[in-house]
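J.: using only what follows, build the 3D model:
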Amino acid sequence: MSAIATNVLAEVPVGLAGSVDAPRLSTDFLNRYSEALMLIEMAGMDESLVADLQAWQSISYREHFRRSPLRCAASALAAYDRIDPVHASAFEDVCRSMTRLVRTVTALLAETPQPKELPMIVNVASDALRRQIARATQFINANGMIDITAVEDAVLQAQIDALLTR
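T.: Residues are numbered from 1 along each chain as shown. This is a model prediction of the structure:
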């Protein structure tokens, strides 16, 4: 088990994390989404942060580590290249979902006047993004060897769908 920044424990099934010598995925990639989460929560109280959220950019796992100066970057890329393509595609779908959520909430925060239900929207979106980050963390901690769709929470998906249709 490992603790993550969103205060959720990420279980790594025994035998799925790979050997100690094998290339490992890195959760450093998820810092980008954790930053967006922090900005969303703070922008609900400080409208000046909406510009920072509007400037936030999503990039792929591969692109993140191609640009990264971290020592683990090459290993993180090698590990990603070893993932079952179906699992990698599902992980990328989760990342696109997180990006879409960030973009939707950013647009709502930028509306003038802001919707009266904005505090509730920020709370729901923050919770949904935190849970998606936790799912992605589980996938990375298991070195891509789990099916991230099996970690799916129907309630979470319903919340995201409801938010995106408002």
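J.: drop to CA atoms for contacts and neighbour counts, all remaining ones
T.: Will do.
J.: most centrally placed residue in the protein?
T.: Nearest residue to the geometric centre of the chain (Cα atoms, centre = their mean): Ile133, 3.7 Å.
J.: ok, that residue - contacts?
T.: Residues counted as contacts of Ile133 (Cα atoms under 8 Å, 6 or more residues apart in numbering) are Thr6, Leu30, Tyr33, Ser34, Met98.
J.: quick check: mean pLDDT across the helix or strand harbouring it?
T.: Secondary structure from DSSP states H and E places Ile133 in helix 118-141. What helix 118-141 shows for mean pLDDT is 94.
J.: in that helix, what counts as buried?
T.: Within helix 118-141, the residues that qualify as buried are 121-122, 124-141, counting by 16 or more other Cα atoms under 10 Å.
J.: which other helices and strands contact the strand or helix carrying Val102?
T.: Element membership for Val102 (DSSP H and E) is helix 85-110. Identification of packing neighbours for helix 85-110 by 3 or more Cα pairs under 8 Å, 6 or more residues apart in numbering; DSSP states H and E yields helix 31-43, helix 50-55, helix 118-141, helix 154-164.
J.: out of the contacts of Ile133, which is most surrounded?
T.: Highest neighbour count within those, by other Cα atoms under 10 Å: Met98, with 25 neighbours.
J.: thought it was touching Arg130?
T.: No: judged on Cα atoms under 8 Å, Met98 makes no contact with Arg130 at a distance of 9.4 Å.
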